[in-house]
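Participant: fold the following and give me the result.
(one chain, ligands or ions: 2)
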Amino acid sequence: MGDLLGVAVLGAGHMGADHIRRLEQVVSGARVVAVADPDVERAKDAVAGLTGVAVHTDPEAALGAPGVEAVLIASPGPAHEEALLAAFARHLPVLCEKPMVPDSTGALRVMEAEARLGRRLAQIGFMRRYDAEYQRLKILLDGGGLGRPLMLHCTHRNVSSPPGFTSAMLVNSSVSHEIDAARWLLGQELTAVTVLRPTPSSGAPAGLLDPQFVLFETDRGALVDVEVFVNCGFGYQVRCEAVCEKGSARIGDEHTMVVTAGGGAREEVAQDYLVRFAAAYDREVQSWVDAARRGEVGGPSAWDGYAASVVAEAGVRALETGGRTTVEPAPRPDLYGAGVSR
Ligand SMILES: NC(=O)C1=CN([C@@H]2O[C@H](COP(=O)(O)OP(=O)(O)OC[C@H]3O[C@@H](n4cnc5c(N)ncnc54)[C@H](O)[C@@H]3O)[C@@H](O)[C@H]2O)C=CC1
Ligand SMILES: O=C1[C@@H](O)[C@H](O)[C@@H](O)[C@H](O)[C@H]1O
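Facilitator: Residues are numbered from 1 along each chain as shown. Ligands and ions are numbered 1, 2, ... in the order given. I've put the predicted structure just below:
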């Protein structure tokens, strides 16, 4: 390895371009050496001003470019399985954006492929684990001072959904973050899910079931509810309140700036995840780079990615049927140890 970890970035859209900027300008110890996107103009735009970056339309060609030592996958979810398996075949450490693989059968194939290698190569992009507020909440809950957690009340609002966003994606793309965060915060597995659908907002695209109210049950009797509303129109809000036997704690009440004028006060609300979770993405990518340079992989594992997919898939069935759906995960390979990864 040279002084800097050589990274190939697959997918140069919103997240890919932001991660390229981060790898080049924020994070230490890495440089972008290859990019792949079927939309070659998008790839070129994302690396404008950088030198020595190979631009490809074919992900496999980018993985084989000179100097590639690690892979950051930021293509759409359905493309992740092929990319992960290709990275594993080359024994490259990977940071893969969520969802690891949207369908649980594909996610299982990925997890089993890594387990067959006998060592971890993949970190999954559940960046909330790197958010300062989520970390404080986790420390509080783990410390036990508030007693046993009974419920998590979560809010997940986006200003608007991107083109092509489906009703299932509210669960398997947006709520995949709450699925991972709840497993991680509580150290419990989600075992059943029910999805209620109020009359859709008139602000949602025709046919999109938005908002939804998702209720998870855990293996130790806690409940997790999520209001997911991806066309709320007014801001990006991610909140979580833990209600425990001896108290409660809430995160996500951002106070970015309070403007007082004209006889009233107005609090600014972040408009998207790139703002709200900027520091979390920075920490996530820095810790992935640091680990890769040491020859290690940490953070959310392929098991966590699979667990999120299998829970989300049960959630999509619950959305479609209107009934309570149980989660039936495959056995966990020894590689991933016991319990939810910390
Ligand atoms: N962690 C987080 O908070 C967020 C994660 N994401 C995730 O990041 C990923 C990308 O999302 P966005 O950047 O918003 O999508 P996007 O649509 O803006 O960009 C995706 C890019 O991937 C390219 N692409 C399509 N197939 C490809 C392939 N096989 N190989 C390489 N590139 C390919 C597309 O041409 C496009 O330029 C998704 O998995 C999404 O769920 C997205 C937003 C926030
Ligand atoms: O991952 C993300 C998007 O893919 C998803 O569409 C949004 O709802 C989330 O807030 C964002 O963090």
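
Participant: which SS class is residue 145?
Facilitator: Local secondary structure at residue 145 is given as coil here, using DSSP: H, G, I helix; E, B strand; the rest coil.

Participant: my guess is it contacts residue 242. True?
Facilitator: No - because the distance of 11.8 Å does not satisfy C-beta atoms under 8 Å, residue 145 is recorded as not touching residue 242. Where you see a C-beta, it was placed from the backbone N, CA and C, and this is true even at glycine.

Participant: ok, these two, which is more surrounded?
Facilitator: residue 242 (25 against 11; other C-beta atoms under 10 Å).

Participant: can you name the element that comes right after the helix or strand harbouring that one?
Facilitator: The secondary structure element spanning residue 242 is strand 237-244 (assigned by DSSP states H and E). Per DSSP H and E, the first helix or strand lying C-terminal to strand 237-244 is strand 247-251.

Participant: neighbouring strands for whatever helix or strand comes next after that following strand, and are they parallel or not?
Facilitator: Toward the C-terminus, strand 247-251 is succeeded by strand 258-261 as the next helix or strand (DSSP H and E). Strand pairing for strand 258-261, determined by DSSP bridges: strand 264-267 (antiparallel).

Participant: list the buried residues of the following helix or strand past the partner strand.
Facilitator: Along the chain past strand 264-267, the next helix or strand (assigned with DSSP H and E) turns out to be helix 273-276. Using 16 or more other C-beta atoms under 10 Å as the burial criterion, the residues of helix 273-276 that qualify are 273, 276.

Participant: ranges for the helices of this structure?
Facilitator: Defined through DSSP state H, the helices belonging to the chain, from first to last, are 14-25, 40-46, 59-63, 80-89, 104-117, 132-143, 167-169, 176-186, 273-276, 278-293, 302-321.

Participant: to ligand 1, which of those lies closest?
Facilitator: Closest approach to ligand 1 among the helices of the chain (C-beta to the nearest ligand atom): helix 14-25, 3.5 Å.

Participant: which residues does the residue most central in space within the chain contact?
Facilitator: When the chain is reduced to its mean C-alpha position, the nearest residue by C-alpha atoms, centre = their mean turns out to be residue 126, at 3.3 Å. Under the criterion of C-beta atoms under 8 Å, 6 or more residues apart in numbering, the contact list for residue 126 reads 98, 176, 177, 180, 181, 184, 299, 300, 304, 308.

Participant: check the burial of the first one by counting its neighbours.
Facilitator: Just to be clear, that refers to residue 98. Number of residues near residue 98 (other C-beta under 10 Å) recorded here: 26.

Participant: and the nearest residue to residue 327 once chain neighbours are set aside, how many neighbours?
Facilitator: Of all residues not flanking residue 327 in the chain, residue 314 sits nearest, at 4.6 Å (C-beta to C-beta, 6 or more residues apart in numbering). Other residues near residue 314 come to 25 when the count uses other C-beta under 10 Å.

Participant: please apply the same query to residue 13.
Facilitator: 16.

Participant: leaving aside the residues adjacent along the chain, what's closest to residue 330?
Facilitator: residue 108 is the one closest to residue 330 (C-beta to C-beta, 6+ apart), at 5.6 Å.

Participant: and that neighbour, what is it in contact with?
Facilitator: With contacts defined as C-beta under 8 Å, 6+ apart, residue 108 is in contact with 306, 310, 330.

Participant: for stretch 107-120, which residues meet the burial criterion?
Facilitator: Neighbour counts over stretch 107-120 (16+ other C-beta under 10 Å) mark 107, 108, 109, 110, 111, 113, 114, 115, 120 as buried.

Participant: got it, and stretch 278-293?
Facilitator: Taking 16+ other C-beta under 10 Å as the criterion, stretch 278-293 shows 278, 280-281, 283-293 as buried.

Participant: for that stretch, which outside residues touch it?
Facilitator: So stretch 278-293 is in contact with 1, 5, 7, 18-19, 22-23, 26-30, 69-70, 72, 93, 95, 123, 125, 127-132, 134, 274, 297-299, going by C-beta under 8 Å, 6+ apart.

Participant: equivalent analysis for stretch 313-321, please.
Facilitator: With contacts defined as C-beta under 8 Å, 6+ apart, stretch 313-321 is touched by 103-104, 167-168, 171-172, 175, 179, 192-195, 197, 209, 212, 214, 324-328.

Participant: hang on, the earlier thing: tell me the least confident of the buried residues of stretch 107-120?
Facilitator: When the buried residues of stretch 107-120 are compared by pLDDT, residue 115 scores lowest at 93.

Participant: ok, back up a step: only the buried subset of the contacts of residue 126, as a ChimeraX command please.
Facilitator: With 16+ other C-beta under 10 Å as the criterion, this ChimeraX line picks the buried residues out of the contacts of residue 126:
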select :98,176,177,180,181,184,299,300,304,308
